[in-house]
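Undergrad: predicted model and sequence below, questions to follow.
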Amino acid sequence: MGEITTRDGTALHVEESYGGGRPVVLIHGWPLSGQSWEGQVGALVDEGYRVITYDRRGFGRSDKPPTGFDYDTLAADLDDIATALDLRDMTLVGFSMGGGEVARYIANHGEDRLDSIVLASAVTPYMLQTEDNPFGPLTPEEATQMKTDLETDREAFFDEFTRAFYSVADELKVTEAERQKSIEWARQSDPQAALACMESFGGTDFRGDLDEITVPALVIHGDSDDIVPVSGSAERTQEQVRSSSLQVISGAPHGLLASHTSEFNEALLGFLAERNGDMAD
């Protein structure tokens with residue numbers, strides 16, 4: 001465990017687990033923390049990967065600054081971590097909001113340090129439904145309502161959100177204890193950071209960023225995701241990223257890291273194994 005200080009002086013909580021191999025950086029979703037990857041870290045280490053998780057600024061155990069929740073700054077934070085740890089040939093794995101950081105990192109900082117990327121239940125290419133983005137899965141009215149609900153009663157919002165996060169047709173796909181753990185991670189978020197990041201993941205257009213991706217990419221999504229529906233996100237992302245493949249997990253809600261851990265890990269490890277084979281060739 002440790003801290004890395006970003007270029008603007010923000011201390012980010014970073015954890016490394018050593019498997020001796022290539023680095024895999026796991027970027028968490030909103031409003032959670034790096035702890036939400038607990039079902040993946042051990043599996044990756046067991047296969048020999050060097051695993052890095054961190055808490056986004058404003059979340060978990062990282063600093064809670066008043067600003068810096070736009071994707072340019074968040075991507076710069078990721079670049080600062082990669083630079084401080086001298087990460088090379090790394091795979092970036094971005095879940096939900098974290099998928100946006102992966103896309104913006106490539107657009108702003110290039111692919112020199114990258115081997116590949118994984119976009120899991122990601123908010124790409126553009127969540128907000130607009131005149132020139134009619135297939136965006138988030139209407140302006142829904143975005144406004146989410147912001148209002150979060151501002152009005154954080155506790156009630158996190159309770160309702162985590163139920164949708166882990167449910168299919170109102171049936172919870174994780175244990176209640178697992179859901180409560182997610183609520184605890186959400187409570188660690190700074191209120192200002194949570195609101196600002198909600199606006200960022202809901203209103204940032206990544207279509208131009210996706211055009212910059214040339215490294216091999218895996219897009220993973222649940223077909224029962226009601227938070228970020230697969231048709232408005234993963235399918236469109238895979239169509240736009242020429243170097244990508246799409247794996248849809250049957251019956252999986254948005255929070256598939258916990259609800260469908262085995263299926264997700266199998267897909268991720270299979271992709272990484274393919275990359276190792278390609279590098280060896």
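TA: Cool, the structure landed.

Undergrad: longest helix anywhere in this protein?
TA: Longest helix in the chain by number of residues, with DSSP state H as the criterion: helix 261-280.

Undergrad: okay, buried residues for it please.
TA: For helix 261-280, a neighbour-count test (16 or more other Cβ atoms under 10 Å) marks 263-265, 267-269, 271-272, 275-276 as buried. Heads up, the C-betas are built off the backbone N, CA and C, glycines and all.

Undergrad: can you give me the strands for the chain?
TA: 2-5, 11-17, 23-27, 50-54, 90-95, 114-120, 167-168, 171-172, 217-222, 244-249 (DSSP state E).

Undergrad: strand 11-17 and the third one, what's the angle between them?
TA: When axes from the mean of the first three to the mean of the last three Cα atoms, to 10 degrees is applied, the directions of strand 23-27 and strand 11-17 differ by 130 degrees.

Undergrad: strand 23-27 packs against which elements?
TA: Contacts defined by 3 or more Cβ pairs under 8 Å, 6 or more residues apart in numbering; DSSP states H and E place strand 23-27 against helix 38-46, strand 50-54, helix 71-84, strand 90-95, helix 97-109.

Undergrad: mind checking how far that strand is from the chain centre?
TA: Distance, stretch centre to chain centre, for strand 23-27: 10 Å (Cα atoms, centre = their mean, to the nearest Å).

Undergrad: adjacent strands (with direction) for that strand?
TA: Strand pairing for strand 23-27, using DSSP bridges, gives strand 50-54 (parallel), strand 90-95 (parallel).

Undergrad: again, but for the second one
TA: Sheet pairing here is set by DSSP bridges, and for strand 11-17 it gives strand 2-5 (antiparallel), strand 50-54 (antiparallel).

Undergrad: let me see the mean pLDDT of it.
TA: Per-residue pLDDT values over strand 11-17 give a mean of 96.

Undergrad: list the buried residues of that strand.
TA: By neighbour count on 16+ other Cβ under 10 Å, the buried set for strand 11-17 is 12-15.

Undergrad: same deal with the last one?
TA: Across strand 244-249, burial judged by 16+ other Cβ under 10 Å covers 244, 246-249.

Undergrad: and which of these is nearest Gln238?
TA: Nearest to Gln238 among the buried residues of strand 244-249, counting by Cβ to Cβ, is Leu246 at 4.0 Å.

Undergrad: which residues touch the closest residue to the closest one other than its chain neighbours?
TA: In space, and not counting its chain neighbours, Leu246 is closest to Gln238: 4.0 Å by Cβ to Cβ, 6 or more residues apart in numbering. Counting by Cβ atoms under 8 Å, 6 or more residues apart in numbering, Gln238 makes contact with 219, 244-246.

Undergrad: any chance of those residues in TSV, plus distance to Gly202 and pLDDT?
TA: As requested, those are exported to TSV (distance: Cβ to Cβ, whole Å; pLDDT from 0 to 100):
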residue	distance to Gly202	pLDDT
Val219	20	98
Ser244	23	98
Ser245	27	98
Leu246	23	98
